[in-house]
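Asks: Below are the sequence and a predicted model; questions follow.
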Amino acid sequence: MTLCPADKCSGCGACAAICPVGCISMREDAFGVSHPEIGPSCTECGLCAQTCPVLNPLPLHEPSKCYAAWNSDSEERRLSASGGVAALLARLYRGRVYGTAWSDSFMAEVKSGNAKDFKGSKYVQSHFSEDTYREIKSRLKSGEKLLFIGTPCQVAGLLNFVGDAAEGLWTADLLCHGVCPERYLTEELGHLRKGRNLTDVRFRSNDKYNYHLTLWDGDKCFYDKDQKLQPYFRAFLEGISLRENCYSCQYSKPERSGDLTLGDFIGLDGQVSSVSVNTTKGSEALKELSAKFPELQLVEHPYSDRLAYKPSIMESFKKSPLRAKFLDNYLQSGFYRAVRKTLFKDIVKSYATIAYWKIHHIGHLIKKRLLK
Ligand SMILES: Cc1cc2nc3c(=O)[nH]c(=O)nc-3n(C[C@H](O)[C@H](O)[C@H](O)COP(=O)(O)OP(=O)(O)OC[C@H]3O[C@@H](n4cnc5c(N)ncnc54)[C@H](O)[C@@H]3O)c2cc1C
Ligand code: SF4
Ligand code: SF4
Ligand code: SF4
């Protein structure tokens, strides 16, 4: 049985979940990227290939409306990545929502949970287990109405997996830059936490830590680095360490896989989400959301306003010229050392730039004093 080529596979795991004899395992390749591996008990039934969203892409939807959206309750929005709309959706579907939350060992994983568990973008691939796929299908078959929030490739994998049971499933896909393999974050955190108790990991938020990697022990932040100076974060944002398939993502386009699409409304002031309404189900969900939560602010915009910032919506994120060097380094020394070797010069330059501006600023203050 042949599945999709490795450089197109998103690792969604839908093929492994559908296999009736359980002979597909998700295994890491030499670069730490997970792919399906078919075992000897395969009966050639073909179900895995039929479920794969790369081999059988679903029709995508053209959005009918686009909004700038945010929750006006700033405390409620504080730990969300941008406007906090995902958390409101999760509250609307309380008890019936699946999204990505941290596991106890800080792997990102798809699970059912509440708004608080899902807040904040986790810049790593989230693991979608076979059990979770099956749990969602079984709940749908018993007539429940569920919401799934995730990357467009996860939405597509899930819709192919649930097939005819999709009527009760509402989906919100994210505008998606790409994801790093889980192993990279695990290695990074293993080094950074230095045995300390870890209760939260954040990349985005509506406070002074936005676009910083921060590690928390309760209310105490014990590691805080800006994205330019933090090797894991910088490699992610500059397109050095993504899964190979993310550089040619079939969902980086204006037409969308979910009923709603959530993203950052880049180009507007402040941290505001973009919400596009892609289907009738999406329109119903947004109406219900705004009726239930008066704190949700919605300002309609032409979709072209959001399309103007192209990455993730008009085109896939570009591969960095440093990627080949990173992969070479990875084979020699694993993620933690490889990413530091690859980015050494650039991070030193960023430190030098910060030092230059600090000295410049102090010089300016001294001059002002002397001329008083
Ligand atoms: C990996 C990733 C890449 C992104 N790239 C872009 C981009 O290029 N451009 C853009 O405009 N927006 C991007 N986003 C979306 C953006 O960061 C916000 O999630 C979005 O604006 C919604 O913000 P929010 O405040 O409503 O919700 P948030 O607080 O961000 O929560 C949104 C939802 O994201 C889900 N989620 C978090 N991490 C993951 C993950 N690793 N995999 C799957 N689902 C996850 C959670 O279940 C949650 O329900 C990306 C998000 C992720 C996770
Ligand atoms: S062809 Fe059927 S048995 Fe073989 S791996 Fe695919 S789903 Fe499993
Ligand atoms: S179903 Fe998902 S994990 Fe399986 S081959 Fe296709 S893209 Fe890869
Ligand atoms: S960039 Fe595309 S393939 Fe990669 S995680 Fe995002 S939606 Fe999936």
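Replies: On my side now, so go ahead. Ligands and ions are numbered 1, 2, ... in the order given.
Asks: Can you pull out the residues in contact with stretch 244-255?
Replies: Stretch 244-255 has contacts (Cβ atoms under 8 Å, 6 or more residues apart in numbering) with 6-11, 33, 54, 57, 60-63, 151-153, 156, 173, 176-179, 239, 257, 303, 307, 311-319. Any C-beta I mention is one placed from the backbone N, CA and C, and that applies to glycine too.
Asks: From those residues, pick out the ones that also neighbour ligand 1.
Replies: Contacts with ligand 1 within the contacts of stretch 244-255, as defined by Cβ under 6 Å from any ligand atom: 151, 176-177, 179, 311-312.
Asks: So in the chain, which helix runs the longest?
Replies: Ranked by number of residues, the top helix in the chain under DSSP state H is helix 323-370.
Asks: mind checking how far that helix is from the chain centre?
Replies: Mean-position distance between helix 323-370 and its chain equals 26 Å (Cα atoms, centre = their mean, to the nearest Å).
Asks: now do stretch 19-37
Replies: Distance, centroid of stretch 19-37 to centroid of chain: 21 Å (Cα atoms, centre = their mean).
Asks: hmm, it touching ligand 3?
Replies: Yes - using Cβ under 6 Å from any ligand atom, stretch 19-37 reaches ligand 3 at residue 36.
Asks: does that stretch come close to ligand 2?
Replies: Yes - shown here: stretch 19-37 in contact with ligand 2 (Cβ under 6 Å from any ligand atom) through 19, 21, 23-24.
Asks: closest to ligand 4 among those?
Replies: Nearest to ligand 4 among the residues of stretch 19-37 next to ligand 2, counting by Cβ to the nearest ligand atom, is residue 24 at 19.0 Å.
Asks: near ligand 1, which residues of the stretch 101-250 of the chain?
Replies: 108, 118-124, 126, 149-151, 174-177, 179, 204.
Asks: Restrict those to those that also contact ligand 3, please.
Replies: Applying Cβ under 6 Å from any ligand atom, the subset of these adjacent to ligand 3 is empty.
Asks: quick one: which of the residues you listed sit in helices?
Replies: residue 118.
Asks: Which PyMOL command selects the buried ones in the residues of the stretch 101-250 of the chain next to ligand 1?
Replies: To isolate the buried ones among these in PyMOL, judged by 16 or more other Cβ atoms under 10 Å, type:
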select buried, resi 108+118+119+120+121+122+123+124+126+149+150+151+174+175+176+177+179+204
